[in-house]
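> Please work out how this folds:
(4 chains)
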Number of protein chains: 2
Amino acid sequence: MTAETQASERRKTALSRDAIIAAAIEILDAQGEGALTFRALAARLATGSGAIYWHVADKQELLAAVADQVIARIMVDQADGAEPSEAIRIFALAVFDAIDAHPWIGGQLSRDPWQHAVLRILEAVGGHVRALGVPADAQFNVATAIMSFLLGLAGQYALGAGMAEGGIDRTTALEEIAARWAKLDPENYPFVRFIATQLPGHDDREQFLAGIDLILAGIEPLRDVAATARHQSSPVFPGGQ
Amino acid sequence: MTAETQASERRKTALSRDAIIAAAIEILDAQGEGALTFRALAARLATGSGAIYWHVADKQELLAAVADQVIARIMVDQADGAEPSEAIRIFALAVFDAIDAHPWIGGQLSRDPWQHAVLRILEAVGGHVRALGVPADAQFNVATAIMSFLLGLAGQYALGAGMAEGGIDRTTALEEIAARWAKLDPENYPFVRFIATQLPGHDDREQFLAGIDLILAGIEPLRDVAATARHQSSPVFPGGQ
DNA sequence: ACCTGAACACCGTTCAAGT
DNA sequence: ACCTGAACACCGTTCAAGT
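Coordinates of the predicted model:
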């Protein structure tokens, strides 16, 4: 809704990579992943479909650029003086909110782990892991584990919102899934049936944060507290949850 | 390589859902995700592409069935009398090995979290979480957090092996990525640059297990040990790693 | 009931031709 | 240098027509 809203005149302004990315984000947000074709994009930009290829190598690069744009926006550190474990929670929630606002980004992030948007996230996660006092030889495994959790969630929420695209209400969709799960064989699927009862009422955000806290609690015994000397206000870590 | 190897005679035996799934797995394993088209599948089965639709609703259902088949195979519990936290490690490694052997399954699992194959994994994870003595009201969050980690990894390894499909050696591919990361701006990407030095030499399996151990360590304070009375041989849990 | 295969409605991508 | 848009080589899916 910013610069080139509708497909009508246009073509006075020159086409640019940024304009293409902006238009792609508009299509993705408004109509979802399936609606982003080079033809639709060209129509919105009032240009030929081939013109896009002059500014962007192919669709994969376009999607990577689009994801990078969105992730870059949340990369301003919202947790200035916060204690490191709190800072990582705040950052993770920012990622969560970005996926929630642009569900298509979940699929994109988990589809290509080497793209720049993922590097941005990894860098941020790594910085927080360092600040937590995780020893150097454990930082690789800890940071990538957190990344895996984030990307796994990302993929999941992309799908959850994918249903919402179809016009189906979120809670009724969850109720449908829960009903299907409840019909599973009690012998072989006791746990899934148990989970089913909690599925419709659960809070995504709380579930997400619980996962982060689980990992943070797991990091706790690894911490070298001397390395985080400046953050001694809070004691050690309250424990789980 | 089992029943209907080459596309030649055939058509004496009737087409069946199982035969279609088996052929699909063969194509996926041999030539990767991109090679599985209904035309290629029909050619391999020496039938018309439309015939497949009599046994399978669409491609999404086919991929879900294929993933379910592969995951079902690893669902025999390999950790009979093992202590619960060891049992979950063994199971997670079985999932890891399945993804390693069939890289395409990673993408498929993370693409649709409601498919049956994912339910199978969730059920197994949940059972182990229960055996660990996680209280009922925390089981949902803990089990889904582990699932997210598994699916996140799944997506990643699908990609890692996706390169291998292109004929590029795995270690040289990692070296290439590491070289690209090393060129990043030291100001903005110190952690990624640090990680880059460890990337080529690292062991996927060990990295994966470290992530599982991190989560297991995080679960530790949640455990109600009385609930796991029969597994009192090992003391509590040695701590991180 | 099950299979055939041409046809339909799309894709991403290319490329001669224009300005 | 940048854009046009028809054309190419694919897809998944449908469906009249066969057996």
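> And the contacts of stretch A:83-98?
Residues from elsewhere that reach stretch A:83-98 (C-beta atoms under 8 Å, 6 or more residues apart in numbering or on different chains): A:70-71, A:73-74, A:77-79, A:82, A:105, A:121, A:124-125, A:128-129, A:131-133, A:146, A:150, A:153-154, A:157, A:205, A:208-209, A:212-213, A:216, A:228, A:231, A:233-234, A:237. Where you see a C-beta, it was placed from the backbone N, CA and C, and this is true even at glycine.
> what's the neighbour count on residue A:170?
Under the neighbour criterion other C-beta atoms under 10 Å in any protein chain shown, residue A:170 is assigned a count of 13.
> what do you get for residue A:54?
A count of neighbours around residue A:54, defined by other C-beta under 10 Å, yields 10.
> List the residues that contact it.
Shown in contact with residue A:54 (C-beta under 8 Å, 6+ apart): residue A:15.
> ok, and it, which helix or strand is that part of?
In this assignment (DSSP states H and E), residue A:54 forms part of helix A:52-55.
> Can you mark which positions in that helix are buried?
When neighbours are counted by 16 or more other C-beta atoms under 10 Å in any protein chain shown, the buried residues of helix A:52-55 are found to be A:52, A:55.
> from the chain's centre, how far out does it sit?
Once both centres are worked out by C-alpha atoms, centre = their mean, to the nearest Å, helix A:52-55 turns out to sit 27 Å from its chain's centre.
> Would you tell me whether that helix gets close to DNA strand D?
Yes: legend: contact between helix A:52-55 and DNA strand D by C-beta under 7 Å from any atom of the strand is shown at A:53, A:54, A:55.
> so the last one touches residue A:16, yeah?
Yes: in this structure, residue A:55 is within contact of residue A:16 by C-beta atoms under 8 Å, at 6.7 Å.
> Walk me through the domains of chain A.
Dividing chain A into domains by automatic domain parsing, as the record does, gives the ranges A:1-56, A:57-220.
> Compare those and give me the one nearest residue B:21.
domain A:57-220 (20.4 Å; C-beta to C-beta).
> Quickly check: the helix or strand of chain A with the lowest mean pLDDT near DNA strand D or not.
In chain A, no helix or strand scores lower on mean pLDDT, DSSP states H and E than helix A:136-165, which sits at a mean of 82. No: contact check for helix A:136-165 against DNA strand D, using C-beta under 7 Å from any atom of the strand: none in range, with a minimum separation of 15.0 Å.
> On the three-state scheme, residue A:133 is what?
Applying DSSP: H, G, I helix; E, B strand; the rest coil to residue A:133 yields a three-state assignment of coil.
> Contact residues of chain A facing DNA strand C?
Applying C-beta under 7 Å from any atom of the strand, one finds that chain A approaches DNA strand C through A:36, A:37, A:38, A:39, A:40, A:49, A:50, A:53, A:58, A:59, A:60.
> so how far is chain B from the second one?
Pointing back at residue A:37 there. Residue A:37 sits at a distance of 18 Å from chain B (criterion: C-beta to the nearest C-beta, to the nearest Å).
> sorry, back to before: what's the closest of the residues of helix A:52-55 next to DNA strand D to residue B:101?
Residue B:101 lies nearest to residue A:53 out of those, by C-beta to C-beta, at 37.6 Å.
> which residues does the residue lying closest to residue A:67 once chain neighbours are set aside contact?
If you skip the residues right next to it in sequence, residue A:67 has residue A:117 as its closest partner in space, 4.1 Å away by C-beta to C-beta, 6 or more residues apart in numbering or on different chains. Neighbouring residues of residue A:117 by C-beta under 8 Å, 6+ apart: A:64, A:67, A:68, A:70, A:71, A:72, A:105, A:108, A:109.
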